[in-house]
Every structure is written in C-alpha cells, then in structure tokens.
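*Asks:* fold the stuff below for me.
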Amino acid sequence: MAIAPGADCIQGLRWSTMQIYKVEVTEKPKSGEIVLVGPGFRYFAKPNFSGTDRFTLLVVGKNRYDEGTSTVEVTVSRPNVPVRVSAVDHPQ
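*Replies:* Sure thing, here's the model as predicted:
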C-alpha cells in the first residue's frame with residue numbers, strides 16, 4: 001500500500017469467508033503509528049518520513065484455526081501527480 005507523508009489509511013482485514021477473533025500488533029511501525037480499528041487497522045505516516053515502513057499483525061480467525069502473522073509493508077512517498085477525486089454517476 002502506498003500513501004503520502006503525513007497521510008493515513010484505514011484497511012479492513014476480514015474476508016467474506018473469515019471470522020476474526022483477535023488482531024494484535026506484534027511489531028510496531030518505526031516511521032508511523034498504527035491503531036487497531038475492529039477487525040482492521042489505521043496507519044498514520046509521519047509528516048517528514050519518506051520510504052518504506054513495516055509492521056506485523058497477529059490475526060487469529062475461524063478459517064483454518066491457525067495462528068499466523070502478517071507483515072504489512074507501507075510505502076510512504078510524495079505523489080508525482082496531483083491526487084484527483086471524481087464522482088461516478090450511476091444511472092438508476
């Protein structure tokens with residue numbers, strides 16, 4: 001996942017076939033902050049940081065009854081092009 005310095009992102013960890021019982025941060029990011037939000041997380045990048053940050057989550061769920069860890073890698077960089085937001089009109 002890639003975000004700009006000083007930005008934040010929120011990401012869910014649940015799939016339609018998985019029930020999550022527990023999520024823990026086992027290794028904190030060195031260049032940002034992570035907050036658990038239900039079965040997901042929110043990562044906040046430091047304003048002056050540019051590079052790759054990592055953190056490790058322990059996710060325990062119902063699919064396989066196995067504990068495992070996931071390492072999430074975040075690339076923090078200034079965008080080369082302006083970010084554009086547009087709306088999509090869906091005819092009814």
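
*Asks:* so where does R54 fall, helix or strand?
*Replies:* Using DSSP states H and E, R54 sits in strand 51-61.

*Asks:* actually V23, not the one I typed
*Replies:* Using DSSP H and E, V23 falls in strand 20-27.

*Asks:* okay, now the sheet partners of that strand, with direction.
*Replies:* strand 51-61 (antiparallel) (DSSP bridges).

*Asks:* who's in contact with the strand it pairs with?
*Replies:* Under the criterion CB atoms under 8 Å, 6 or more residues apart in numbering, residues 13, 18-32, 34, 41, 43, 45, 67-77 lie in contact with strand 51-61. For glycine as for every other residue, the C-beta is placed from the backbone atoms N, C-alpha and C.

*Asks:* rerun at 7 Å
*Replies:* Identification of contacts with strand 51-61 by CB atoms under 7 Å, 6 or more residues apart in numbering yields 13, 18-32, 34, 41, 67-76.

*Asks:* can you say which of these are buried?
*Replies:* When those are checked for burial by 16 or more other CB atoms under 10 Å, the buried set is 13, 20, 23, 29, 31-32, 34, 41, 72, 74, 76.

*Asks:* possible to save the residues you listed as a markdown table with distance to G6 and secondary structure?
*Replies:* Below are the buried ones among the contacts of strand 51-61 laid out as a markdown table (distance: CB to CB, whole Å; DSSP: H, G, I helix; E, B strand; the rest coil):
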| residue | distance to G6 | secondary structure |
| --- | --- | --- |
| L13 | 24 | coil |
| I20 | 29 | strand |
| V23 | 25 | strand |
| P29 | 14 | coil |
| S31 | 12 | coil |
| G32 | 10 | strand |
| I34 | 15 | strand |
| F41 | 18 | strand |
| V72 | 19 | strand |
| V74 | 13 | strand |
| V76 | 9 | strand |
